[in-house]
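[1] Here's a sequence, model it:
(2 chains)
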Amino acid sequence: MNELRRSLLFIPGNNPGMLQNADVFDADSIIIDLEDSVSLDEKDAARILLKELVNAIIFKNIELIVRINPFDSEDYQKDIEVVKNLNIDTILLPKADIQSVKDLDNKLTEINSEIKILVLIETAFGVEKVFDILETSDRCIGLMLGGEDLCVDLTCERTKSGEEIFYARTRLLNAAHALKLKAIDTPFTNTNDEAGLIEDTNFAKKLGFTGKASINPRQITSINKCFTPTIQEINHSMRILNANKQALKEGKGVFAIDGKMVDLPIIKRAEKTIVVAQKLGLIKNSGEYHAN
Amino acid sequence: MQIDGYKKNYKMYSYSKVIKDQVILKPTKKNNSLNKLRKNISNLLDELTIKDGSVISFHHHMRNGDYVLNMVMEEIAKRNVKDLTLFASSIFPCHEPLVKLIKEGVVTQIYSAYISGPVAEAISQGLMKKPVVMHTHGGRPRIIESSEIKIDVAFIAAPSCDYRGNINGSLGKNACGAIGYAVTDAWFAKNTVAITDNFVISVDKPHIEGKYIDYIIKVDSIGEASKIVSGTTKITRNPIGLKIARLAAEVIKYSGYFKNGFSFQTGAGGISLAVAHYLKEIMKEENVKGSFASGGITGYLVDMLKEGLFERLYDVQCFDLDAVQSIRENEAHIPISASKYANINDDCIVNDLDYVILGATEIDLDFNVNVTTSSTGEIMGGSGGHSDTAYGSKVTIIVSQLFNARIPVIKEHVICKTTPGETVDVLVTERGIAINPRRRDLIERFRQTNLPIMTIQELKKISDNLVGIPEEVEFTNKIVGIVEYRDGTIIDLLYKRG
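    Okay, here's the model as predicted:
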């Protein structure tokens, strides 16, 4: 399973053409959607298609996530009945609150399932309770912000600049990082605005998001690029780690690179960069940068 | 085996690196008078006396907006002649009226590099008396020069023409730009006729000189220039197509020939244009500038020329109106003849290519490519310049979805071998890249990258697992077409469906 979660691509659960090619778009995770992108009269068909797909195709090097319908909907139970026995990695739980996470966790525990939970925070109540929601189950690997639904709840307009979700973004980030969990940013919905997507993704990364959801495969390359360390970042991180190794050998507590003091947080950030670069195959065994 | 209606001394294709087989002298024409203008096609046909069995040629630069072929053939058909050979560089859906002439025996044989639409369907159904000969764009001038086919009358749609017969394709209300496929016809036909809707006093910088034109006819319109657009002029928005294009551009980057002065060809169509788009990004990032791009030229390549990413464009036919405007205004956008483009007996441009991006309907485990028939065996295209550029280019890259609507591109054997696998180097699909085992150099180079390299057998296995293996198509023994390689040997035969 791919645990990088830089890019998470929603694919409608009733679109066989896209589902068949789900693993070619280079997303780290694919989210097969049984909720908003599937109309009420297509829900049954989508569940059947999902079951057939997962049983027929083994998706390699990709996290397979299913977004089920919300806890308070008629389809929630039907979705769980199908999904709980499938070889998937994670369930994305929409409009998550403490009660729904507890219920889902119980249902999965009953059958000794190893399926993880990613909570979708998309209500004002959810934003305020996010820390407790994440703590409800050990299955929670992190959260995703659902900006569109949140704005409906906030009775405000969703804008490109995103001031209206700034509070939610930072509150969610703080909760996720406090618990050492993943924080996935809301999708950028204008699929024809690549410059806007890049700007929005860079902003999310700057705030502390670890990945971004997407509603169109064409967005994946830009999102991945944003969350992938550059050659300069990798080289700089390597210098830090090598200098740290040397400092330890020489018994030095602190050291400087290019005149700047290097302390523990900087070393930890460099380690994280190198881990991601290694997972992406960007570094050879020799430590040299690898063309991608 | 003798094939009815085809040359007796034919040879079967065998891969070799032979480049030339003869030196050609260009003849001048008989009518160098200033009295070339004739009242109309009918009057001219009285003078020319077209007989049973004559060979009539046309070019296809007006593409699916061409009026000339239909208007001439309609007049010829009125004269009760039979058994004509149509030597048309390409045939499009707009040429549907030909089907009636085929059924009536007016036209009994066709030579062409590309046939689509109702005429292709009629041929596949076995309605023609003699098999169609499907040559390449470069094969066409070779056939003419070698006298394998002697054109009795060449009719040339001329977007602008002066009283001496000088023709320029870039000027006039129906400007189509380069007219490279008509050049050799004009030189070698017994009679060459310019048909124009823009008769002017003088044409500067003619694409075909007046000394090769015997007759001129003025008509209201030679076609609709807006319909010359080939494929699509916009980059694909299909994410799978974009991924293939991105991978193809990466293949170019790491193939070893990507350096200042490299040359490149790609076609119209969403994925091909997207390759140019990603290549453009890489060229800017790596600060690499190319020498030339060639082929059918699109606005996208014109933009790259304007940005200084290529020094010049060699254009045998314009694929869109931006290219038409460019060839009119920019001296670095150079019109070339089909012979200069791809004729094995000429000093042809394709031999200087570093990269060509090509499509495929089918490709087999030996990298043979079919672009002549559909995956169910009906004619729907042809080589055009496919096998010419594949031969000449240092790296020939096929771009294709691994399957489309459950139809796989990789087959055990292709229905029609249009381009031999010996000349195909790389297949790029959304699920991986296969390198022809003959190209050990490329295999070695790509080992140093993270590109998803696998064997074509492995790619086929992935495809078979996802969409299954289609049933074999069955054919009768009736030959409906002969596929000629660029050197004139037979590379494959087309049969009527069972």
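
[2] Please enumerate the strands of chain A.
    Shown for chain A, the strands assigned by DSSP state E span residues A:7-12, A:29-33, A:63-67, A:90-93, A:116-121, A:140-145, A:182-185, A:211-214, A:255-257, A:260-262.

[3] Turn those strands into TSV, columns for distance to residue B:282 and mean pLDDT.
    All C-beta spots, glycine's among them, are computed from the backbone N, C-alpha and C. Listed next are the strands of chain A as TSV, based on distance: least, CB to CB, whole Å; pLDDT from 0 to 100:
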stretch	distance to residue B:282	mean pLDDT
strand A:7-12	22	98
strand A:29-33	28	98
strand A:63-67	30	97
strand A:90-93	35	98
strand A:116-121	36	98
strand A:140-145	33	98
strand A:182-185	29	98
strand A:211-214	24	98
strand A:255-257	32	88
strand A:260-262	34	87
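
[4] And the ones you listed: which comes nearest chain B?
    Proximity to chain B (CB to the nearest CB) singles out strand A:7-12 among the strands of chain A, at 9.6 Å.

[5] can you tell which of the strands of chain A is closest to residue B:190?
    Nearest to residue B:190, of all those, is strand A:7-12, at 62.6 Å by CB to CB.

[6] List the neighbouring strands of the closest one plus their orientation.
    Strand pairing for strand A:7-12, determined by DSSP bridges: strand A:29-33 (parallel), strand A:211-214 (parallel).

[7] With only the CA atoms kept, save the helix or strand that contains residue B:478 in PDB.
    Here residue B:478 sits within strand B:475-484, counting by DSSP states H and E. Extracted in PDB, the C-alpha atoms of strand B:475-484 (Å, rounded to 0.1, in the frame of the first residue of the first chain):
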ATOM      1  CA  PHE B 475     -11.400 -12.900 -43.700                       C
ATOM      2  CA  THR B 476     -12.200 -14.300 -47.100                       C
ATOM      3  CA  ASN B 477      -9.600 -15.000 -49.800                       C
ATOM      4  CA  LYS B 478     -10.600 -12.000 -51.800                       C
ATOM      5  CA  ILE B 479      -7.700  -9.400 -51.900                       C
ATOM      6  CA  VAL B 480      -9.100  -5.900 -51.600                       C
ATOM      7  CA  GLY B 481      -5.900  -4.000 -51.000                       C
ATOM      8  CA  ILE B 482      -2.100  -4.200 -51.400                       C
ATOM      9  CA  VAL B 483       0.000  -2.500 -48.700                       C
ATOM     10  CA  GLU B 484       3.200  -1.200 -50.300                       C
END
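
[8] measure residue A:56 to residue B:486 for me?
    Here the criterion is CB to CB, to the nearest Å. By it, residue A:56 lies 44 Å from residue B:486.

[9] State the distance from the residue of chain B most remote from its centre to chain A.
    Distance from the C-alpha centroid of chain B, by CA atoms, centre = their mean, peaks at residue B:448 (35.8 Å). Distance from residue B:448 to chain A, counting by CB to the nearest CB, to the nearest Å: 7 Å.

[10] I figured that residue was touching residue B:254, is that so?
    Yes. With contact defined as CB atoms under 8 Å, residue B:448 counts as touching residue B:254 (7.5 Å).

[11] and residue B:234, what is it in contact with?
    B:270, B:273 (CB atoms under 8 Å, 6 or more residues apart in numbering or on different chains).

[12] scratch that, residue B:13
    B:420, B:485, B:487, B:489, B:490, B:491, B:492.

[13] and the fifth one, what are its bridge partners?
    Residues found in beta-bridge contact with residue B:490 (criterion: DSSP bridges) are residue B:12, residue B:484.

[14] Where does pLDDT dip in chain A?
    A:1, A:284-292 (pLDDT under 70).

[15] What of chain B?
    For chain B, the ranges with pLDDT under 70 are B:16-33, B:230-233.

[16] how close does the spatially most central residue of it get to residue A:70?
    In chain B, the residue lying closest to the centroid (CA atoms, centre = their mean) is residue B:384, at 2.4 Å. According to CB to CB, residue B:384 stands 55 Å off from residue A:70.

[17] dump the residue contacts of the one residue in the stretch 51-200 of chain A that gets nearest to chain B.
    When scored by CB to the nearest CB, the stretch 51-200 of chain A has residue A:57 as its residue closest to chain B, at 7.3 Å. Neighbouring residues of residue A:57 by CB under 8 Å, 6+ apart: A:20, B:466.

[18] let's see it at 7 Å
    Listed by CB atoms under 7 Å, 6 or more residues apart in numbering or on different chains, the contact set of residue A:57 is empty.

[19] Now for the nearest residue to residue B:283 once chain neighbours are set aside, how many residues are close by?
    The shortest distance from residue B:283 to any non-neighbouring residue, by CB to CB, 6 or more residues apart in numbering or on different chains, is to residue B:309 (5.3 Å). Applying the criterion other CB atoms under 10 Å in any protein chain shown, we find 19 residues in the vicinity of residue B:309.

[20] Report the contact partners of residue A:70.
    A:76, A:94, A:95.
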